[in-house]
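# coords please:
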Amino acid sequence: MARWLGEAHGIGQAMCYWIIPDSGTPIVQSTVQPILRADKESETVKAELAALDAAIASKFINQPTDEEINSIIIPDYLQYNDADDDEFETPHFEPVNKEAEMPEADEFSHKEYDKYILAEVLLPKVDQLVLGKDVGRKRDANDNPIGVAHANPIFDTCLYQVQFP
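Modelled structure (predicted):
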């Protein structure tokens with residue numbers, strides 16, 4: 001049992017998440033599942049969650065006050081400055097074989113690249129979670145993908161076909 005911290009961008013496969021177990025050290029997992037609503041209401045799960053929260057809180061040496069949190073100053077070298085973007089252009093190299101050249105990002109269509117295709121997901125089915133594999137986007141009668149992709153998964157409205165074992 002652990003607390004979910006959020007999506008782990010750029011780590012592992014498409015759907016990896018940061019979680020914090022009772023050790024207090026955040027880790028990345030590709031398989032996470034929520035506690036079912038019926039289980040959340042049981043006293044044993046409530047006690048386990050309280051023990052988890054207490055174990056995580058005990059790992060913090062000093063609990064910061066609200067005043068301390070608000071007084072944190074982020075150093076300039078850690079702050080994002082979009083004026084510096086020109087300094088970090090990717091150098092261009094000529095490939096030895098023309099076939100080995102990487103196509104430009106604009107040459108890909110959403111049909112060719114989708115970060116969720118072939119991702120393994122746990123989905124609720126009746127009163128249990130079942131592992132399935134995302135095999136493609138759902139399409140309307142005109143073969144247009146249903147939904148709009150978004151960088152934030154909360155706002156992503158794409159529908160996918162999932163294959164179960």
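# do you know how far Leu118 is from Gly147?
18 Å (CB to CB, to the nearest Å). (Glycine included, C-beta is placed from N, CA and C.)
# and for Gly12?
Distance of Gly12 to Gly147, given as CB to CB: 24 Å.
# same check, this time on Ala2
Computed as CB to CB, the Ala2 to Gly147 distance reads 30 Å.
# more neighbours: those two, which one.
Under the criterion of other CB atoms under 10 Å, the comparison of Ala2 against Gly147 puts Ala2 first, with 17 against 12.
# and that one, what does it touch?
Going by CB atoms under 8 Å, 6 or more residues apart in numbering, Ala2 touches 19-22, 52.
# make JSON lines from these and add pLDDT to it.
Output for the contacts of Ala2, formatted as JSON lines (pLDDT from 0 to 100):
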{"residue": "Ile19", "pLDDT": "88"}
{"residue": "Ile20", "pLDDT": "88"}
{"residue": "Pro21", "pLDDT": "90"}
{"residue": "Asp22", "pLDDT": "88"}
{"residue": "Leu52", "pLDDT": "87"}
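# dump the residues you listed to CSV, plus neighbour count, secondary structure and distance to Ile35.
Converted to CSV, those look like this (neighbours: other CB atoms under 10 Å; DSSP: H, G, I helix; E, B strand; the rest coil; distance: CB to CB, whole Å):
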residue, neighbour count, secondary structure, distance to Ile35
Ile19, 17, strand, 13
Ile20, 17, strand, 15
Pro21, 15, coil, 14
Asp22, 17, coil, 15
Leu52, 16, helix, 11
